[in-house]
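K.L.:
this one's structure only:
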């Protein structure tokens, strides 16, 4: 993975950790598919795949409303 791509991923983690639900969608392809089937998430309430910006926004809304704060740990 290029250093540029690593930086994008790092910024994505930071953005969602700060509940920035705008910048990531400037990076994501409009046809994005967000797959959760192997993510270890509880199956109740979560779809295995979210499609497009609207789908990914729905996933993050649901995920973020469950937590007061988020720390993805070191992203370096």
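P.N.:
All right, it came through fine. Quick caveat: nothing in here was measured; it's all calculated off a predicted structure.
K.L.:
Show me the shaky parts of this protein.
P.N.:
Applying pLDDT under 70 to the chain flags residues 39-44, 70, 72-76.
K.L.:
Could you pull out the strands in this structure for me?
P.N.:
Along the chain, counting by DSSP state E, strands occupy 33-35, 49-51.
K.L.:
Among these, which comes closest to residue 18?
P.N.:
Nearest to residue 18, of all the strands of the chain, is strand 33-35, at 19.1 Å by CB to CB. (C-beta placed from N, C-alpha, C; glycine too.)
K.L.:
Wait, residue 46 touches residue 61, no?
P.N.:
No: assessed by CB atoms under 8 Å, residue 46 is found out of contact with residue 61, at 11.8 Å.
K.L.:
Settle it for me: which of those two has more neighbours?
P.N.:
The residue with more neighbours, out of residue 46 and residue 61, is residue 46; 14 against 10, by other CB atoms under 10 Å.
K.L.:
got a list of what residue 34 touches?
P.N.:
Neighbouring residues of residue 34 by CB atoms under 8 Å, 6 or more residues apart in numbering: 49, 50, 51, 55, 56, 59.
K.L.:
Show me which of the residues you listed are buried.
P.N.:
50, 56, 59 (16 or more other CB atoms under 10 Å).
K.L.:
Redo those residues as TSV? Include distance to residue 36.
P.N.:
Formatted as TSV, the buried ones among the contacts of residue 34 follow (distance: CB to CB, whole Å):
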residue	distance to residue 36
50	7
56	11
59	7
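K.L.:
Out of these, the closest to residue 29 would be?
P.N.:
For the buried ones among the contacts of residue 34, the nearest to residue 29 is residue 56 (10.3 Å; CB to CB).
K.L.:
separation between residue 25 and residue 45?
P.N.:
According to CB to CB, to the nearest Å, residue 25 and residue 45 sit 22 Å apart.
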